[in-house]
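S.K.: Sequence and predicted structure, then a few things I'm wondering about:
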Amino acid sequence: MTSMKRWAEHFIELLNGTTANSNVTPNQDDSTLDTNRRDDEFLPTAEETASAIQCLKNQRSLEYDGIPPELLKQGGPSLVRVLHALIERVWVDETMPEDWNSGVIIPLHKKGDTLDCHNYRGITLLNTEVLSNLIYYLTKLQPYVENTIGQYQCGFRRNRSTMDQVFALRTILEKMTEFGIPTHHLFNRF
């Protein structure tokens with residue numbers, strides 16, 4: 001089997017696997033969500049589109065489409081109008097341009113045997129326009145996410161780190177050892 005086929009199989013298995021948490025239920029009821037919002041309330045304004053474009057990071061490698069973020073940032077009001085019209089059309093029609101459905105997965109080695117695909121994680125290069133769109137929706141969804149996720153979740157959250165949890169666990173274990181108290185550990189990965 002060629003290495004490209006093996007990588008393709010690995011990421012297809014990883015991304016389409018059956019290990020998803022289909023039995024997990026949210027730790028909150030839906031009563032805290034504002035279900036009275038209209039869909040068009042989430043439609044970005046031209047100003048929000050411009051703000052999302054400005055949030056793109058400079059001096060990054062070219063994305064899948066080959067358009068550097070700096071080019072979008074320097075496009076001015078006329079480019080913002082065109083992108084905003086495109087985003088509105090996507091929102092109203094509920095269909096994305098075909099190019100937005102594609103990306104390139106780049107494997108990054110984590111640790112261990114470099115010949116084992118499971119020792120890699122992938123990052124996906126997307127179209128730059130998609131990234132600016134994602135930034136906008138992230139800012140809109142953030143308040144809902146913060147109200148839904150439990151306080152125990154620290155990874156991938158602003159102003160929190162899993163290292164804080166590692167520090168707390170390590171401190172507890174050191175104190176338990178110091179006072180001769182037996183401990184039992186259970187690590188549960190969802």
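M.R.: Nice, thanks for sending it over.

S.K.: thinking Trp100 is in contact with Leu131, fair?
M.R.: No - proximity of Trp100 to Leu131 does not meet the contact threshold set by CB atoms under 8 Å, at 10.4 Å. No exception for glycine: its C-beta is placed from N, CA and C like everyone else's.

S.K.: Out of these two, name the residue with the larger neighbour count.
M.R.: Taking Trp100 and Leu131 together and counting by other CB atoms under 10 Å, Leu131 has the greater number of neighbours (23 against 17).

S.K.: Now Gly112. Nearest residue, chain neighbours left out?
M.R.: Asn119 (4.0 Å; CB to CB, 6 or more residues apart in numbering).

S.K.: and that neighbour, how many residues sit next to it?
M.R.: That count, for Asn119 with other CB under 10 Å as the rule, works out to 13.

S.K.: roughly how far apart are it and His109?
M.R.: Asn119 sits 6 Å away from His109, taking CB to CB, to the nearest Å as the criterion.

S.K.: Strands of the chain, residue ranges please.
M.R.: Listed in chain order, the strands of the chain (DSSP state E) span 104-109, 120-125.

S.K.: any chance of the ones you listed in CSV, with distance to Pro44 and mean neighbour count too?
M.R.: Output for those, formatted as CSV (distance: least, CB to CB, whole Å; neighbours: other CB atoms under 10 Å):
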stretch, distance to Pro44, mean neighbour count
strand 104-109, 26, 12
strand 120-125, 22, 15
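
S.K.: and the lowest-mean-pLDDT helix or strand in the chain, what does it pack onto?
M.R.: The helix or strand of the chain with the lowest confidence, counting by mean pLDDT, DSSP states H and E, is helix 128-148 at a mean of 75. If contacts are counted by 3 or more CB pairs under 8 Å, 6 or more residues apart in numbering; DSSP states H and E, helix 128-148 sits against helix 46-54, helix 69-73, helix 76-93.

S.K.: out of the ones you listed, nearest to Arg158?
M.R.: The minimum distance between Arg158 and those falls on helix 46-54, with 16.9 Å, by CB to CB.

S.K.: Point out the other helices and strands that the closest one packs with.
M.R.: Secondary structure elements in contact with helix 46-54, counted by 3+ CB pairs under 8 Å, 6+ apart, are helix 69-73, helix 76-93, helix 128-148.
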